[in-house]
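Student: A predicted structure for the sequence below; I have some questions about it.
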Amino acid sequence: MQEQIYHLQFAMDTFYFLVCGALVMWMAAGFSMLEAGLVRAKNTTEILTKNVVLYSVACVMYLICGYQLMYGGGYFLAGIGEVDVAQTLTSFAERENGFEGKAIYSKASDFFFQVVFVATAMSIVSGAVAERMKLWAFLSFAVVMTGFIYPMEGSWTWGGQSVFGLYSLGDLGFSDFAGSGIVHLAGAAAALAGVLLLGARKGKYGKDGKAHAFPGSNMPLAALGTLILWLGWFGFNGGSVLKLGDIANANAVAVVFLNTNAAAAAGTIAAIGLSMLLFKKADLTMALNGALAGLVAITAEPSTPTPLEASIFGAIAGVLVVGSILALDKLKIDDPVGAISVHGTVGLFGLLIVPLTKESATVVGQLAGAATIFVWVFVASSIVWFALKMTMGIRVTEQEEYEGVDRSECGVEAYPEFVSTVK
């Protein structure tokens, strides 16, 4: 009877992991729709192509070498083999607290859950460099980002390895439950490095230094993309509990879902409220970014705050992201979808608030973790972007940018019936 219970728990935890991974994979659709809605019509096909192909690149590169670098488990050539049933049952039986403790599930499900996080980090980059980057330069960067840069910083955080043998983030009290820093800040750091080398879109900033708005082509798609991301985030954060098959962890999953939703809702309200105060208009794009900001902020620790605390964190993130978007425009850092603000500025905020509700996390550890992630990803990404710029080039020509990268990079327009001339 006990053996049958162990089999059932293994099946439940593995299945839960896979379902959550599938939800995170669905976030690829969310990023695609959000970015397609926020770019101009003449650049829609290219942004969709980037999102589909980057997901595929991430899956292949993480299989070839990324997972090995991050956790020391290579599956590409050797595979994972069959489950050792006897050893697995022994592992269950030997745990001191019965069903409590370390999760036990299929190694294949762990790989699947991890690989969709890699793709998420890379998806952050695509929106920030939209409308003026060469497609193949972007995809070349994706190979290095998903196969080396992200796995290296992941090995120092979730992988538990020391940073170049110098110090251990875990020993310093670093904690990042589902990846506010490991995934989101990392993606934003890579995006910022690319944007600084790439430069702003033509006409974005006038001689007076003021930013000129480039309205997105499809607000329904942008709203749909945000809601898809909101849904996928339940897998992102909920799956990071790592198991479901006992009372304590089932309740933890419910708390994570509740807090994730509360933070997103509060972020939306705060952002649209601030937009009314600043612009006298209910800016949909700010509301969408407010929702995402709330989600990013709570990702670092969604299991320990109360719902009220999660809502407060989300509301602060919603205000913070609006201010960050405006500040980057002042600095002439052109980010068409606000990705650097949502995932970078708010990702850092999410890390820093963890010690407020989690005793084992320290301010020193959070600062050290944030600095390690940002410096490593930004410097490594800058080197790769610069190498690409010096070899194949990273920016399309001014004429190609004027006509739209759909024509020059993909040869297919997303809305051919409506785009006969380019403006």
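Tutor: Looks like it arrived, so ask away. Residues are numbered from 1 along each chain as shown.

Student: what are the phi and psi angles of Ala178?
Tutor: Ala178 adopts backbone torsions of phi -130, psi 0, taken as degrees, to the nearest 10.

Student: cool, Arg395 as well?
Tutor: When read as degrees, to the nearest 10, the backbone of Arg395 gives phi -120, psi 140.

Student: ok, it touching Leu135?
Tutor: No - between Arg395 and Leu135 there is no contact under CB atoms under 8 Å: 11.6 Å. Heads up, the C-betas are built off the backbone N, CA and C, glycines and all.

Student: is it true that Gly238 touches Val255?
Tutor: No - contact between Gly238 and Val255 fails when scored by CB under 8 Å: they sit 9.7 Å apart.

Student: Neighbour count: these two, which is higher?
Tutor: Neighbours were counted for Gly238 and for Val255 using other CB atoms under 10 Å; Gly238 has more, 24 against 18.

Student: helices or strands up against whichever helix or strand the more buried one is part of?
Tutor: In this assignment (DSSP states H and E), Gly238 forms part of helix 219-238. Using 3 or more CB pairs under 8 Å, 6 or more residues apart in numbering; DSSP states H and E, the elements in contact with helix 219-238 are helix 2-38, helix 247-279, helix 284-299.

Student: Can you name every helix or strand that the last one contacts?
Tutor: Secondary-structure packing of helix 284-299 (3+ CB pairs under 8 Å, 6+ apart): helix 219-238, helix 247-279, helix 307-330, helix 346-352.

Student: can you tell me which residues contact Val405?
Tutor: Shown in contact with Val405 (CB atoms under 8 Å, 6 or more residues apart in numbering): Lys42, Asn43, Glu46, Glu131, Arg132, Leu135, Val396.

Student: Which of those fall within helices?
Tutor: Secondary structure assignment by DSSP state H places Glu46, Leu135 of those in helices.

Student: need the contacts of Val405 in TSV with pLDDT and neighbour count, can you?
Tutor: Listed next are the contacts of Val405 as TSV, based on pLDDT from 0 to 100; neighbours: other CB atoms under 10 Å:
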residue	pLDDT	neighbour count
Lys42	95	23
Asn43	96	27
Glu46	97	28
Glu131	96	21
Arg132	96	23
Leu135	97	17
Val396	96	21
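
Student: and the contacts of Val405, which two are the farthest apart?
Tutor: Lys42 and Leu135 (14.4 Å; CB to CB).

Student: hmm, which helix or strand of the protein has the shakiest average pLDDT?
Tutor: helix 85-94 (a mean of 64; mean pLDDT, DSSP states H and E).

Student: Surely Ala190 touches Ile149?
Tutor: Yes - counting by CB under 8 Å, Ile149 is a contact partner of Ala190 at 7.0 Å.

Student: ok so, going back, quick one: which of the contacts of Val405 is nearest Cys59?
Tutor: Nearest member of the contacts of Val405 to Cys59, counting by CB to CB, is Leu135, at 18.5 Å.

Student: for the record, mean pLDDT for whichever strand or helix holds Ala380?
Tutor: Secondary structure from DSSP H and E places Ala380 in helix 363-391. Mean per-residue pLDDT for helix 363-391: 98.

Student: who does that helix touch, helix- and strand-wise?
Tutor: Against helix 363-391 (3+ CB pairs under 8 Å, 6+ apart) you get helix 135-144, helix 150-156, helix 169-172, helix 186-198, helix 346-352.

Student: ok, and what's touching the helix or strand just after that helix?
Tutor: The element immediately downstream of helix 363-391 (helix or strand, assigned by DSSP H and E) is helix 398-403. By CB under 8 Å, 6+ apart, the surrounding residues in contact with helix 398-403 are Lys42, Glu131, Arg132, Arg201, Lys202, Arg395, Arg407, Ser408, Glu409, Val422.

Student: Same check on stretch 343-360?
Tutor: With contact meaning CB under 8 Å, 6+ apart, stretch 343-360 is reached by 124, 173, 175-177, 180-181, 184-185, 187-189, 191-192, 293, 296-301, 304-305, 309, 313, 316-317, 320-321, 324, 361-363, 366-367, 369-370, 374.

Student: how about a cut-off of 7 Å?
Tutor: 124, 173, 175-176, 180-181, 184-185, 187-189, 192, 293, 296-301, 304-305, 309, 313, 317, 320-321, 324, 361-363, 366, 369-370 (CB atoms under 7 Å, 6 or more residues apart in numbering).

Student: for stretch 385-392, same thing?
Tutor: The contact list for stretch 385-392 (CB under 7 Å, 6+ apart) reads Trp136, Ala137, Ser140, Phe141, Ala193, Gly194, Leu197, Ile394.

Student: pull the CA atoms of that stretch into CSV?
Tutor: Written as CSV, here are the backbone C-alpha positions of stretch 385-392 (Å, rounded to 0.1, in the frame of the first residue of the first chain):
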residue,chain,number,x,y,z
TRP,A,385,26.5,42.1,-29.4
PHE,A,386,29.8,44.0,-30.2
ALA,A,387,31.3,41.0,-31.9
LEU,A,388,28.1,40.6,-34.0
LYS,A,389,28.1,44.4,-34.8
MET,A,390,31.7,44.2,-36.0
THR,A,391,31.1,41.1,-38.2
MET,A,392,27.6,40.7,-39.6
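
Student: Fine by me, thanks again.
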